[in-house]
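*Asks:* model this:
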Amino acid sequence: MTTVIGTYLFTVLLFLILPGPVNLAVVDHAARGGWKGALLAVFGSNLASLALILAAGLMLDGLGRIHESLLDALAAAGGLYLLYYGGRLWHSRHDLPAAESVPAARGHGAKIVASTFIIGISNPKDVVFFMTFFPPFIVRLGWDLWPGLLLLTALWCLLDYAVLLAYGMGAAKIITPARARTVHTACAALFILIGLYAFGSGIGRFI
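*Replies:* Next comes the predicted model:
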């Protein structure tokens, strides 16, 4: 069991370390709102992961089926949202304060959580990833589906918070107000590029 858990933790760690839209969102919110912005962003993205894992568990348990073409259409819709989000960031890149320090996020907690939740859930094909990723470990543990999924999900959440907060807190420590504008602009451009790719690939497969 220890070997299985160790292998699982190492695999998840590698998966979470690879840069992606969620990592970018956490860094951007850290640049604008410090540690509080990063924490709220991680909370929103983790809620998205939990929703996707629950959907994967229900389908593994035979309670639901999603047609491949529907996933492609939803992936294209997720790409459109990333384009929209990147566009908003791009237009707001000059609105960051030029103060001595980056101010803590205030009054926008719900918006941060909602935006990062949507970013985290914008690729519904992650459901398929979770459906294929968890079963081998559950089988090796020798547990039933839901107890095994509960354990692996709890470990996923711990690593998710640890890795993404490390991204965010690291960014909050080294990003000055001048750098914050550069990071903000870079994140906006990357979101637009990722959105274009996600929309194009989703539409291409759907058609």
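*Asks:* how far is the least confident helix or strand in the chain by mean pLDDT from where the chain is centred?
*Replies:* Least confident helix or strand of the chain, by mean pLDDT, DSSP states H and E, is helix 68-91 with a mean of 77. Its chain's C-alpha centre and that of helix 68-91 lie 14 Å apart, by C-alpha atoms, centre = their mean, to the nearest Å.
*Asks:* from the contact counts, what lies against that helix?
*Replies:* Under the contact definition 3 or more C-beta pairs under 8 Å, 6 or more residues apart in numbering; DSSP states H and E, helix 68-91 sits against helix 109-121, helix 177-206. In short, each C-beta sits where N, CA and C put it, glycine included.
*Asks:* got the angle for the longest one vs helix 68-91?
*Replies:* Relative orientation of helix 177-206 with respect to helix 68-91: 160 degrees, computed using axes from the mean of the first three to the mean of the last three C-alpha atoms, to 10 degrees.
*Asks:* helix 177-206 versus helix 109-121: what angle between them?
*Replies:* Going by the same axes, to 10 degrees, helix 177-206 makes 40 degrees with helix 109-121.
*Asks:* so how far is helix 177-206 off the chain centroid?
*Replies:* Per C-alpha atoms, centre = their mean, the displacement of helix 177-206 from the mean C-alpha position of its chain is 14 Å.
*Asks:* tell me the mean pLDDT for that helix?
*Replies:* Averaged across helix 177-206, pLDDT comes to 79.
*Asks:* show me which residues of it are buried.
*Replies:* Within helix 177-206, the residues scored as buried using 16 or more other C-beta atoms under 10 Å are 180-181, 183-188, 190-192, 194-195, 198-199, 202-203.
*Asks:* now stretch 46-55
*Replies:* The neighbour-count check on stretch 46-55 (16+ other C-beta under 10 Å) flags 46-50, 52-53, 55 as buried.
*Asks:* before we move on, the earlier item: in CSV, list the helices and strands packed on helix 68-91 along with distance to Tyr167.
*Replies:* What follows is the helices and strands packed on helix 68-91, written out as CSV (distance: least, C-beta to C-beta, whole Å):
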stretch, distance to Tyr167
helix 109-121, 12
helix 177-206, 12
